[in-house]
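J.: Provided below are the primary sequence and the corresponding predicted coordinates.
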Amino acid sequence: MHGQQSSPSPNSSQPPRWADRLLEWFVAPHLVEYVQGDLQEVFYKRLQQVSLAKARREYGWAVLQCLTPFFYKSIPPTTPGCANKFNDYPTPAFTSMLRNYLKIALRNLTQNRVYSFINIGGLAVGMAIAMLIGLWIYDEVTYNTYHKNYNSIGQVMTKGNFNGDAFATSEVPRPLEAELRTKYGNDFKRIVMARGDENHILSVEAKHISQVGRFMQEGAPELLSLELLQGAYSGLKDMNSILLSASAAKALFGDADALNKTLRIDNRMDVKVTGVYEDLPYNTEFSGTQFISTWDLMLSDNKWMRDAANQWGNSSFRMYVQLQPNTTMEAVSAKIKGVWQAHVSEEDKKYNLQVFLNPMNRWHLYSEWKGDVNTGGRIDYVWLFGIIGVFVLLLACINFMNLSTARSEKRAKEVGIRKAVGSRRGQLTTQFLSESFLIVTISFFIAILLSVIALPWFNELANKRMTIPWLNAYFWLISVAFIVVTSLLSGSYPAFYLSSFNPVKVLKGTFSAGRFSSLPRKALVVTQFTVSIALIIGTIMVYRQIQYAKDRPVGYNRNGLLMIEMKSTDLKNKFGVLYNELKRAGITEHMACSNSPLTGVWSNNSGFEWKGKDPNKTQGFGTIWVTHDYGKTVGWQFTTGRDFSTQYATDTVSSQRGLNAVYSIIVNEVAVKYMGLKNPVGEIIKYDGYQFQIIGVIKNMLMESPFEPVKQMVYIANYDQANTWMTVRVNPTVSMRDALAKMEMIFKRTVPSVPFDYKFADTEYGLKFAAEERIGKLASVFATLAILISCLGLFGLASFMAEKRTKEIGVRKVLGASVLNIWGLLSKDFVALVLIAFGIATFIAYYFLTGWLHKYSYHTEISWWIFVVSGVGALAITLLTVSYQSIKTALINPVKSLRSE
Amino acid sequence: MKKTVLGELEELVLLVVAASTEDVYGVPVREELQRQTGRNFTISAVHTTLYRLEEKGFLLSSVGGATAERGGRSKRLFALTAEGGRVLREIQQMRTRLWQAIPESKFQLLGI
């Protein structure tokens, strides 16, 4: 009687329409009339007292207040007097229909146990993987975001071209600081010079511990937005001050208050603790920085660094900047591009040095450089795993779709009857969707459980410390979205397919899915197996590549080798004493010093000259300064010539003999090849005014990346330079445990101010494979689970196929088919599908793996047998999966299968 | 035997229905409550309480006449049952007993 008029005339002085509809929708039908009546009565009364808008608002509010369980859950009272009054009420959609759908779904689930297990199990595993990968990606993407100035922090880098080798480096010269501050100061909020993470000895009284820290300029704590537990941001103002991380403070001072205490760095520099900051989380660039001391202190301690103030040629420093909010990284990069080039000599202009900013949000995910081009980095893995995650989830969804459609014939009758009785297609769709929603929701909770169980293990595998963000609203938001999307994804096809059946045909019994109805299902199986096989091939390749690099000859004997960094002058001075003491105790076979660890080449020099040098050959040589025993200690092997010896005075470079002497030099095979020498021994190499004679050629020693070619190297005996790393060969007759215990004792006695801090050479070497191994392990886990999920689907599919053809098989058996015949008959289809998948997977895997392998200079080839093995493997797994069902069906007594009806 | 515990609002609503000389429905009950207590009650609360009381058997409802001001919707009229009356009595007696237990001097001491 109201409500017909559409014009906003006095007649529209009605309660808001939405409120009424809402009320009618949710309130239990036997109550609607009275509640609404009362609400409207109040509304019209209020209309005479207040404005229309206000009355409407009040009405809406009153309706919302009725949104309590009482109103929609209410069932009619059963008291004798009013029992009959409310019996014939219609069903509201929300309360009963959905409940009805879910009830049917639940009954379907419990009735078909195998089917439910396959669906829920597969989906749960798929989701759990997607969840773990999601966490991993989240962790990677939020790397460094702990720092509040994340988006405005950059590192000053340079790139250029050095004798044909393009390079990019984060090491910059000191004068750049003054240049940027004076000329471009307006663009920068903070400029902080720093040294990289280094090991230093922090001492409090007799306690000496080795900690990683940095020397940085004053604005560092603000730039990094450190959370100070004690002290103030201005803590680095005074030269002799230090900020400690909470864990470093605890290690040094225990539970005592660290603030304002003094400590000593490297047994030389006294500093006062002016602040304690909360440990940085593990996923930041600065997570290893346990202390920050002042730049000025480091300069005062170090002459060459002081001298570097005006040397544009000495790039040994780092510079972090925070930009003003009104500018961008690109803009500032463009401005400061030429600041260095303007200060180099005419001759060096050819290096084309360019200064630029590398924003913090690219440090982690885009950390790889090839020459001066940024080639990505971990972002590749983020994409790779993201894609794998989506695919694994897709596999699980495909299972669901396939099984539902395969069962369609079984449910066709149900659909037919429902339609005949008057179900609309929309209702059927809703029913099937709610069924898939139920399955997905159950799977989701199992998936969460699985993730919780697998997380510690996954963390170890991925070398992370991730946790499930229970309290993060986004996590739940995404989870809900995830459930909805997955149920739509996996439920849509069955829902629309099943609801499209023609009831007349179905019920007449002439229903058959048609010749091409199984085509989409087949396509889905092919997709599944393509993904699985491609993953298997990929995994095998990753392992092959790792193994290939691991088997690479290293050119020296790693066993029983220890490396000790000589951080303090005390240790350097006492090397001789240690040498004698350890030897006398019978712990060591040999000991030597060098300027690089065994697992790296820290020094590169160019400018070597030799007879017949091709002027185009301008690359530098890796240079290792060693003591006499170095070769004996590491166990290098000579192809020709001899080792350094104390018998020849000229073997050792000494400033006393000056430039005129001819010293000895040992080179590696690559160097001989690079120099193009036929008879290397005896040849003279000139460098820096010195003359060196080659006395021996050693087999290539693998000191850097096992995936890269060995560099041309020269080894020179020089006691002044060989002073950063000590290499110790432990006597093989002594057990490593005893040796370490004794060594520590002797160390403590000889150099009490230095903590005994050693590394195993083979462990350090093994670390070079860590990233690849991690990827390999993750890939193998994903591949295994992918094939598992695919097989689960196949198993379900095969069982329905077999069930469908039970009668046919009965007839065949009666007519004399053997079990083998029938097995072949049932398996044939699947074998064909897997073979097609194999063909596609081979293509895809070959394409991607060639690209991946070319990232490594030292790489294995893709051999044909990998594809054969994966293909045969997949086929075997398929047959195994399908055979159970085929044989089971083939063995059924035809009397039984044909008797029914 | 189900305990006949009444909440405060339940008791008030029951009293209002009992006090009325004829059948009442949601709106007058709410108005009377507001008049008597000075507090504001939502329709939702009043209705919930009325139906609860009906379920408990203290009230009896019947469908009453529709009026235009309600958009033609009929009313649900409530009347006190014998059971409801008994409960109110019990409550009153219990209260009286408690009142009588208070020593007169106490209020005098407090100056009330």
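T.: All right, it came through fine. No experiment lies behind these values; they were computed from the predicted model shown.
J.: for the closest residue to chain B within the stretch 551-700 of chain A, give me phi and psi.
T.: Closest to chain B within the stretch 551-700 of chain A is A:Thr599: 74.2 Å, counting by C-beta to the nearest C-beta. Where you see a C-beta, it was placed from the backbone N, CA and C, and this is true even at glycine. When read as degrees, to the nearest 10, the backbone of A:Thr599 gives phi -100, psi 20.
J.: that one against A:Asp762, yeah?
T.: No - using C-beta atoms under 8 Å, A:Thr599 is not in contact with A:Asp762; the gap is 9.8 Å.
J.: so between those two, which is more surrounded?
T.: Taking other C-beta atoms under 10 Å in any protein chain shown, A:Thr599 and A:Asp762 do not tie; A:Thr599 has more neighbours (21 against 16).
J.: list the contacts for that one?
T.: By C-beta atoms under 8 Å, 6 or more residues apart in numbering or on different chains, the contact list for A:Thr599 reads A:Met563, A:Met703, A:Glu704, A:Ala761, A:Glu764, A:Tyr765, A:Leu767, A:Lys768.
J.: buried subset of those residues, written for ChimeraX?
T.: To isolate the buried ones among the contacts of A:Thr599 in ChimeraX, judged by 16 or more other C-beta atoms under 10 Å in any protein chain shown, type:
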select /A:563,703,704,761,764,765,768
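J.: could you list the low-confidence segments of the chain?
T.: With no chain named, the answer covers chain A. For chain A, the stretches with pLDDT under 70 are A:1-12, A:73-96, A:163-164, A:408-409, A:509-517, A:658-659, A:900-901.
J.: you looked at the wrong chain, it should be chain B
T.: Under the criterion pLDDT under 70, the flagged ranges of chain B are B:1-4.
J.: select the longest helix from it.
T.: Ranked by number of residues, the top helix in chain B under DSSP state H is helix B:82-101.
J.: which helices and strands does that helix pack with?
T.: Other helices and strands packing on helix B:82-101, by 3 or more C-beta pairs under 8 Å, 6 or more residues apart in numbering or on different chains; DSSP states H and E, are helix B:8-19.
J.: so is the helix it packs on next to chain A?
T.: No - using C-beta under 8 Å from any C-beta of the partner chain, helix B:8-19 never reaches chain A; the gap is at least 13.2 Å.
J.: the helix or strand just after that helix vs chain A: in contact?
T.: The C-terminal neighbour of helix B:8-19 among helices and strands, as given by DSSP states H and E, is helix B:26-37. Yes - using C-beta under 8 Å from any C-beta, helix B:26-37 reaches chain A at B:Gly26, B:Val27, B:Arg30.
J.: got a markdown table for those, with distance to A:Val662 and neighbour count too?
T.: Formatted as a markdown table, the residues of helix B:26-37 next to chain A follow (distance: C-beta to C-beta, whole Å; neighbours: other C-beta atoms under 10 Å in any protein chain shown):
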| residue | distance to A:Val662 | neighbour count |
| --- | --- | --- |
| B:Gly26 | 113 | 24 |
| B:Val27 | 115 | 19 |
| B:Arg30 | 112 | 23 |
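J.: in chain B, which residue sits nearest chain A?
T.: Closest residue of chain B to chain A, C-beta to the nearest C-beta: B:Arg73 (3.4 Å).
J.: ok, that residue - contacts?
T.: Taking C-beta under 8 Å, 6+ apart as the criterion, B:Arg73 is in contact with A:Glu33, A:Tyr34, A:Gln36, A:Gly37, A:Gln40, B:Ala66.
J.: so which of those residues sit within helices?
T.: When DSSP H is applied, those are split such that A:Glu33, A:Tyr34, A:Gln36, A:Gly37, A:Gln40 fall in helices.
J.: elements contacting the strand or helix carrying A:Lys828?
T.: Assigned by DSSP H and E, A:Lys828 belongs to helix A:819-853. Judged by 3+ C-beta pairs under 8 Å, 6+ apart, the packing partners of helix A:819-853 are helix A:519-550, helix A:770-804, helix A:806-814, helix A:864-891.
J.: can I get these in JSON lines with distance to A:Arg181 and mean neighbour count?
T.: Output for the helices and strands packed on helix A:819-853, formatted as JSON lines (distance: least, C-beta to C-beta, whole Å; neighbours: other C-beta atoms under 10 Å in any protein chain shown):
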{"stretch": "helix A:519-550", "distance to A:Arg181": "46", "mean neighbour count": "21"}
{"stretch": "helix A:770-804", "distance to A:Arg181": "38", "mean neighbour count": "21"}
{"stretch": "helix A:806-814", "distance to A:Arg181": "85", "mean neighbour count": "17"}
{"stretch": "helix A:864-891", "distance to A:Arg181": "57", "mean neighbour count": "18"}
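J.: tally of neighbours for residue 100?
T.: All of this refers to chain A. Around A:Asn100 there are 13 residues (other C-beta under 10 Å).
J.: correction: the question concerned chain B.
T.: Here the count is done by other C-beta under 10 Å, and B:Gln100 has 8 residues near it.
J.: try A:Ala105
T.: Neighbours around A:Ala105, by other C-beta under 10 Å: 18.
J.: spit out the contact partners of it.
T.: Shown in contact with A:Ala105 (C-beta under 8 Å, 6+ apart): A:Gln431, A:Ser434, A:Glu435, A:Leu438, A:Ile439.
J.: tell me which of those is nearest to chain B?
T.: Set against chain B, the nearest of those by C-beta to the nearest C-beta is A:Ser434 (29.7 Å).
J.: am I right that the closest one sits in a helix?
T.: Yes - judged by DSSP: H, G, I helix; E, B strand; the rest coil, A:Ser434 forms part of a helix.
J.: what about the residue of the stretch 551-700 of chain A closest to chain B, distance to A:Ala741?
T.: 25 Å (C-beta to C-beta, to the nearest Å).
J.: likewise A:Arg99?
T.: In terms of C-beta to C-beta, A:Arg99 sits 71 Å off from A:Ala741.
J.: repeat for A:Phe437
T.: Look at A:Phe437 and A:Ala741: by C-beta to C-beta, they are 63 Å apart.
J.: quick one: which of these two has more around it?
T.: Counted by other C-beta under 10 Å, A:Phe437 and A:Ala741 do not tie: A:Phe437 has more neighbours, with 22 against 11.
J.: OK, contacts around the nearest residue to the more buried one once chain neighbours are set aside?
T.: Spatial nearest neighbour of A:Phe437, excluding adjacent residues (C-beta to C-beta, 6 or more residues apart in numbering or on different chains): A:Ser487 at 4.3 Å. By C-beta under 8 Å, 6+ apart, A:Ser487 lies in contact with A:Leu433, A:Ser436, A:Phe437, A:Ile439, A:Val440, A:Thr441.
J.: now A:Ser487: which helix or strand?
T.: Going by DSSP H and E, A:Ser487 is in helix A:473-498.
J.: just B:Phe78 next, same as before
T.: Using DSSP H and E, B:Phe78 maps to strand B:75-80.
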